[in-house]
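[1] Got a sequence here, can you model it:
(one chain, ligands or ions: 1)
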Amino acid sequence: MKELAHLNKFFYKYRWRLIPGILFVVISNIFGVLPAQVIRVAFDLVTENIGVYQLFEGFNRQEVIYDIFGSSLLLFGVLVLILALLRGLFLFFMRQTIILMSRHIEYDQKNEIYSHYQRLSLAFYRRHNTGDLMNRVTEDVSRVRMYLGPGIMYSINTVVLFILVIYAMVTVNVRLTVFSILPLPVLAVIIFYVNTIIEFRSEQIQKRLSGLSSFVQENFSGIRVIKSYVREGFVRGKFADESEDYKTQSMALAKVQAMFFPAMLLLIGLSNVITIYIGGVEVMKGNITAGNIAEFIVYLNMLAFPVISLGWVTSLVQRAAASQKRINEFLHEVPEIISPDVPAKHLNGKIEFKNVSFVYPDTGIEALKNVSFIANPGEMVAIIGRTGSGKSTMGNLIMRMYDTTGGQILIDNEPLTSLNLDSYRAQIGFVPQEVFLFSDIISHNIAFSADKLDMPRVEQAARDAAVYNNIIELDKGFDTLIGERGVTLSGGQKQRVSIARAIVKQPQVLIFDDCLSAVDTRTEEEILNNLGRVMQGKTSVIISHRISTIKNADKILVLDNGEIIEQGTHNELMDLKTAYFELYEKQLLEEEEQI
Ligand SMILES: Nc1ncnc2c1ncn2[C@@H]1O[C@H](COP(=O)(O)OP(=O)(O)OP(=O)(O)O)[C@@H](O)[C@H]1O
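    This next block holds a predicted model:
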């Protein structure tokens, strides 16, 4: 439960909603209790007046008594109505303060979690799946809100109402009070247990439902594979099985829910019966009036809801505590990559790896061993090697997505870890291996790094990335929506849009992580020529599988199993007639075979 203490700061922040809220709860409950007393007086008036009315049987005065009796009853009726209206008004204020407070806190908490997520490093995102990350910012926050809003509101309501009602009951008759509230604790305990079962089953259903939606989502995304392998029938069968499971769980829940309300009504009914019986005995003894029984019945029915909410609120708080625990787990996660608090600096673009080694934190895979090289401003350095040799890892380390586990990376002769990270990354154009474009229009995707859209710059970047002609051929040109809701670009087009996104930044350092793989060799040459112009005096790091992409580089690093086994220019490496030469021969042979 201590997990919920994290939320106290929000209660303090919104104290001017919470305090009036509590006040409104008290006032609304006072207006809730008063009608019961009015009803008692009215009831007693009825019994008295019937006696008086019968006494005047056969007299003219009987008519007058009847009229007085009628108008006073009407007055009581109007009074009850006014009290009910006032109660309603304060209930409205209560919700407007406390429930609104919970919505404000929900908003703040979502932002708090989301901005913390943004600070966490790539390794964190690798460790946790997207569904989990999303659940904590949506479902868990909603559960916590249930505690902040209804939870707090009904708890205060229950306490205040209990004090007021029990006090009013005890002042009438202690014996009757004890007997009539006797079934209520049983009701609270039953509701707590039934609620726990309901919640457990609901959670199971929720899990099945998210399983079902992930299943459907994945199959819709992979519909091409399903159709090409004619697996529609198989997938349909699997869907039916998953749905069947969901149905069974839902029916089990419906059964418990079906028992819930009758059990509740039974216990409330039992309280009423006891009140009337014991109350009747007390009336006969002359301890209370008939009006008191009516008053008690009203009190009991007023207590029923708080008793029910007691069980409900208890399980709600438990769930909120569990959710807050999950939220806190992430909020207390310290980012692995922290930028030192130093001023931004202009980047010249010298990159130096000094005996860099790197082991991936979660898998323990040693991706780089003792890697050393220098890339000077104005140079194009290429990295080539077999798959899994550590090329992308080098890109990730230059971007400081991870910190090295051995050796050092120097940027402009300073350790990378001592630079202002935001300013450093802002001056690098990184094109990742897996293209990712947002579901937005093309121009926004290209201008992603800028706060303001500068169309001439976007168009120039598209030209340099050799994708301009493809874009203007589309009906809406740069305003074409791409992604799930829009046009599907080809693999090569996507790669080039993501290249344009990096170029538009006019970066000091450009990193291409195998992002020309889906581009034909002629277009590739065009892009590389443009790059030569755009990146004049700046540093480019080109990671590739293809020798054709990198043969003009100033320096080629041949990576194998995390180690640089050769480095030099194309000609130098060819002369060596070792690994690079063999790779060249192999690729030449493959090209000839294709022709
Ligand atoms: N996020 C990660 N967590 C753990 N291990 C990783 C991660 N990314 C890569 N690896 C491992 O590190 C090694 C080097 O991977 P890397 O992606 O750098 O190779 P690559 O040369 O870029 O390969 P490819 O050409 O296929 O993209 C591989 O063994 C890979 O399994």
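[2] use CA for all of it now, contacts and neighbours both
    OK.
[3] secondary structure element for the closest residue to Tyr154 other than its chain neighbours?
    Spatial nearest neighbour of Tyr154, chain neighbours left out: Ser309 (6.7 Å); criterion: C-alpha to C-alpha, 6 or more residues apart in numbering. Ser309 is located in helix 290-331, with elements delineated by DSSP states H and E.
[4] which strands and helices sit next to that helix?
    helix 15-55, helix 100-119, helix 130-137, helix 139-146, helix 152-172, helix 183-221, helix 232-285 (3 or more C-alpha pairs under 8 Å, 6 or more residues apart in numbering; DSSP states H and E).
[5] helices and strands around the next helix-or-strand element following that helix, which ones?
    Scanning forward in sequence from helix 290-331 by DSSP H and E, the next helix or strand is strand 351-359. Packing contacts for strand 351-359, counted by 3+ C-alpha pairs under 8 Å, 6+ apart, involve strand 366-375, strand 406-411.
[6] For strand 351-359, which strands pair with it and how are they oriented?
    The strands that strand 351-359 pairs with in its sheet are strand 366-375 (antiparallel), strand 406-411 (antiparallel) (by DSSP bridges).
[7] does any part of the longest one sit near the ligand?
    Read that as strand 366-375. Yes - in terms of C-alpha under 6 Å from any ligand atom, part of strand 366-375 sits within range of the ligand, namely Ala367.
[8] so how far is that strand off the chain centroid?
    How far strand 366-375 lies from its chain's middle: 38 Å, per C-alpha atoms, centre = their mean, to the nearest Å.
[9] Reformat the helices and strands packed on strand 351-359 as CSV; add distance to Ser72.
    Output for the helices and strands packed on strand 351-359, formatted as CSV (distance: least, C-alpha to C-alpha, whole Å):
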stretch, distance to Ser72
strand 366-375, 91
strand 406-411, 92
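[10] Output those strands as a markdown table; include the columns mean pLDDT, mean neighbour count and distance to Gly483.
    Formatted as a markdown table, these follow (pLDDT from 0 to 100; neighbours: other C-alpha atoms under 10 Å; distance: least, C-alpha to C-alpha, whole Å):
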| stretch | mean pLDDT | mean neighbour count | distance to Gly483 |
| --- | --- | --- | --- |
| strand 366-375 | 92 | 19 | 33 |
| strand 406-411 | 94 | 20 | 36 |
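[11] The chain - how does it break down into domains?
    Domains of the chain are assigned by automatic domain parsing as 2-173+288-331, 345-427+507-595, 435-506.
[12] Show me which residues of the stretch 301-450 of the chain sit near the ligand.
    Within the stretch 301-450 of the chain, the positions near the ligand by C-alpha under 6 Å from any ligand atom are 360, 363, 365, 367, 387-393.
[13] which bits of the chain sit near the ligand?
    Within the chain, the residues that sit near the ligand (C-alpha under 6 Å from any ligand atom) are 360, 363, 365, 367, 387-393.
[14] coming back round to it: which of the helices and strands packed on helix 290-331 sits most buried?
    Counting by mean count of other C-alpha atoms under 10 Å, helix 139-146 has the highest mean neighbour count of these, with a mean of 21.
[15] Not counting that one itself, show me its contacts.
    The contact list for helix 139-146, computed with C-alpha atoms under 8 Å, 6 or more residues apart in numbering, reads 102-103, 105-106, 109-110, 316, 319-321, 323-324, 326-327.
[16] Repeat the analysis, applying 7 Å as the threshold.
    Contact with helix 139-146 is made by 102, 106, 110, 319-320, 323-324, as judged by C-alpha atoms under 7 Å, 6 or more residues apart in numbering.
[17] what angle sits between it and helix 152-172?
    Angle, helix 139-146 to helix 152-172, by axes from the mean of the first three to the mean of the last three C-alpha atoms, to 10 degrees: 30 degrees.
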